[in-house]
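J.: here you go, sequence then predicted model.
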Amino acid sequence: MEPTRQVRVAEEFVRRFAAAVRGAQLYSPGHPLVRRGQAALAESASQLLADQSSATIGVLGQELIVGELPVPRSRDTYGEFIRRLKRVGIERIAIDRGVTPEELSTLVQAVSHPERAMGQTSPGAAPADALDALAGLTHIRVGRIHTEERVETSAADIAAIRRLYVEASTVAEEVWESAQRDGTPDPGEARNLVEQLSEAVAQNRSALLALTALKEYDNYTFTHMVNVSILTMAQARALGIDGALLREFGLAGLMHDIGKVRTPADVLRKPDRLTEDEMVVMRRHVVDGAEILRRTPEIPSIAPVVAFEHHLRSDGTGYPIGVSRAKLNLATMLCSIADVYDAMRSQRAYQGSLPTDRILEVMRRADGHQFDQHLVRRFTQLLGIYPPGNLVLLDDGSIAVVLQIHAPDPHRPRVRIIMDNKHRRLVTPIDLNLFDPPDDPAKTRRIVSPLDPAEYGVDPLGYL
């Protein structure tokens, strides 16, 4: 199916699905409008599955994704439908070819009236109970929303998050250019971007953190803005910060370097190390950033503080020179950790990128002096020594992708072995919890080192 037709068919299916749910909420099951809406949905499903054996509908933030395609929409076209799916606990629906009108009707009823799906007469059915009514369907599978990060990640999820990340870098560039052109960044663009990223951090933190480590995005300035925002919010959320305050932290992380729009291009883009005079010019960006953000409407007050402080250290070192704080703001400390971490792992002309284990070791050596030791420890537990999406070599010679961090022991994550000890691809990858002691102690596995996925022709995200 051609991409333009795919988008059209996907949009039509979502439109029919939303209309069927809306009709079922308003009228009784036997009402002609309800029957007509469900017949239209069945016809749309047939078209959607004409050229594919299965289709997946996912919710990502305030967007609907069908397969790998976002559903185009004008403002809030599907807002109520998305909220309804979230309310009943649905984040992903997989529909297989052969789905019957009866199965689609059951799905619509489960979304529109959970109590009816459970055969109840009062509206007291819990969403999880209502979704159990769908468990017996042959051609429909539903993924539930969990209070914590997703347990399973589909290819559609990864594609959607990858697309979100690429778009985020583009929006960051637009925010940067508006600051250069107008003297202040576009606050609406920035807030919308952080809103989407904060949703993604909440829904699928591992995949998003894995994307921040990819080297395929070569525009350092804008990917660094996005990465620091994501890493700052991930840390904040792990500390229990959520809602509007989480987004303020994310916006401060996104804007932490905005003062560099005033830095001369020959200094900002110099491929070699800066001279001391050039460093004086570069260090000015923290003052410029604070000034720019103080004049920008709708920017939370924490953003200029973080822009000014993010190169100050707990021991009084850093810059602006001569400025000291008895205690740095929490948002500043989280942003500083994210900033240093992302800068050290990024490939620069004068500096090779460092693996996470080396970076964290450097940051731990500065514990209590440059960085708060508690926050560095929490950051290590969040990312692990080998973050999700890393390709790693195990001590038996096999190669694996890191799936999930084990916070009590960041050296021993959950991995998926994809190559044997002769580096041949496994037909069926093997999942292994490195933190679980095996029956035979001699079979204990550990990670030896990270690997470069490009050298092995591997896209680690495809294995998450």
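T.: Perfect, thanks for sending it. Numbering: from 1, shown residues only.
J.: okay, now the nearest residue to T184 once chain neighbours are set aside: neighbour count?
T.: Closest residue to T184 apart from its sequence neighbours, by CB to CB, 6 or more residues apart in numbering: T296 at 4.2 Å. Every residue, glycine included, has its C-beta placed from N, CA and C. By the criterion of other CB atoms under 10 Å, T296 has 21 neighbours.
J.: check E361 too.
T.: Counted by other CB under 10 Å, the residues lying close to E361 total 13.
J.: try A110
T.: Burial of A110 is recorded as 26 neighbouring residues (other CB under 10 Å).
J.: same check, this time on G457
T.: G457 is flanked by 7 other residues according to other CB under 10 Å.
J.: look up phi and psi at it.
T.: Dihedral angles of G457 (phi, psi; degrees, to the nearest 10) stand at phi 60, psi 40.
J.: and the gap between it and V415?
T.: Between G457 and V415 the distance is 19 Å, computed by CB to CB, to the nearest Å.
J.: same question, T356
T.: In this view, T356 and V415 are 15 Å apart by CB to CB.
J.: in terms of neighbours, single out the busier of those two.
T.: For T356 against V415, the residue with the higher neighbour count under other CB under 10 Å is V415, and the figures read 28 against 20.
J.: what sits against the residue lying closest to that one once chain neighbours are set aside?
T.: Spatial nearest neighbour of V415, chain neighbours left out: A400 (3.9 Å); criterion: CB to CB, 6+ apart. If you count contacts by CB atoms under 8 Å, 6 or more residues apart in numbering, A400 has them with 391-392, 394, 415-419, 432.
J.: between these, which has the most around it?
T.: With neighbours taken as other CB under 10 Å, the top of those is V415, carrying 28 neighbours.
J.: now do that residue against P387, distance only.
T.: When CB to CB is applied, the distance between V415 and P387 equals 12 Å.
J.: what do the two both touch?
T.: When contacts are counted by CB under 8 Å, 6+ apart, V415 and P387 are jointly contacted by V402.
J.: so what pairs up with the closest residue to N433 other than its chain neighbours in the strands?
T.: Once flanking residues are discounted, N433 sits nearest to R414: 5.0 Å by CB to CB, 6+ apart. R414 has these beta-bridge partners by DSSP bridges: Q404, N433.
J.: R414 against V401, yeah?
T.: No - here R414 does not reach V401: they are 10.1 Å apart, not a contact under CB atoms under 8 Å.
J.: compare those two (neighbour count), which wins?
T.: More crowded of R414 and V401, by other CB under 10 Å: V401, with 26 against 18.
J.: so which residues of the stretch 351-464 of the chain form strands?
T.: For the stretch 351-464 of the chain, applying DSSP state E, counting those that start in this stretch gives strands covering 391-394, 399-404, 414-419, 425-433, 447-451.
J.: of all those, which one comes closest to L193?
T.: Using CB to CB as the criterion, the shortest distance between L193 and these is 26.8 Å, found for strand 399-404.
J.: show me the shaky parts of the stretch 251-400 of the chain.
T.: Filtered on pLDDT under 70, the stretch 251-400 of the chain yields the residue ranges 347-355, 357, 364-368.
J.: first to last residue in stretch 321-339, what's the distance?
T.: The stretch stretch 321-339 measures 19 Å between its terminal residues, going by CA to CA, to the nearest Å.
J.: residues contacting that stretch, please?
T.: Among residues not part of stretch 321-339, those counted as contacts by CB under 8 Å, 6+ apart are 227-228, 231-232, 235-236, 248-249, 252-253, 256-257, 283, 302, 305-306, 309-314, 316, 363, 371-372, 375-376, 379.
J.: and it, how far from the chain's centre?
T.: Using CA atoms, centre = their mean, to the nearest Å, the distance from the centre of stretch 321-339 to the centre of the chain it belongs to is 25 Å.
J.: go on, stretch 226-242?
T.: With CA atoms, centre = their mean as the basis, the mean position of stretch 226-242 lies at 11 Å from the chain mean.
J.: just the C-alphas of that stretch, formatted as PDB.
T.: Coordinates of the C-alpha atoms in stretch 226-242 are reproduced here as PDB (Å, rounded to 0.1, in the frame of the first residue of the first chain):
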ATOM      1  CA  VAL A 226      16.500  17.600  23.700                       C
ATOM      2  CA  ASN A 227      18.700  15.100  25.500                       C
ATOM      3  CA  VAL A 228      19.300  17.400  28.500                       C
ATOM      4  CA  SER A 229      15.500  18.000  28.700                       C
ATOM      5  CA  ILE A 230      14.800  14.200  28.600                       C
ATOM      6  CA  LEU A 231      17.500  13.300  31.100                       C
ATOM      7  CA  THR A 232      16.500  16.100  33.500                       C
ATOM      8  CA  MET A 233      12.900  15.000  33.400                       C
ATOM      9  CA  ALA A 234      13.800  11.300  33.800                       C
ATOM     10  CA  GLN A 235      15.800  12.100  36.900                       C
ATOM     11  CA  ALA A 236      13.100  14.400  38.300                       C
ATOM     12  CA  ARG A 237      10.400  11.800  37.800                       C
ATOM     13  CA  ALA A 238      12.500   9.100  39.500                       C
ATOM     14  CA  LEU A 239      12.500  11.500  42.500                       C
ATOM     15  CA  GLY A 240       8.700  11.700  42.500                       C
ATOM     16  CA  ILE A 241       8.300  15.000  40.600                       C
ATOM     17  CA  ASP A 242       5.400  15.000  38.200                       C
END
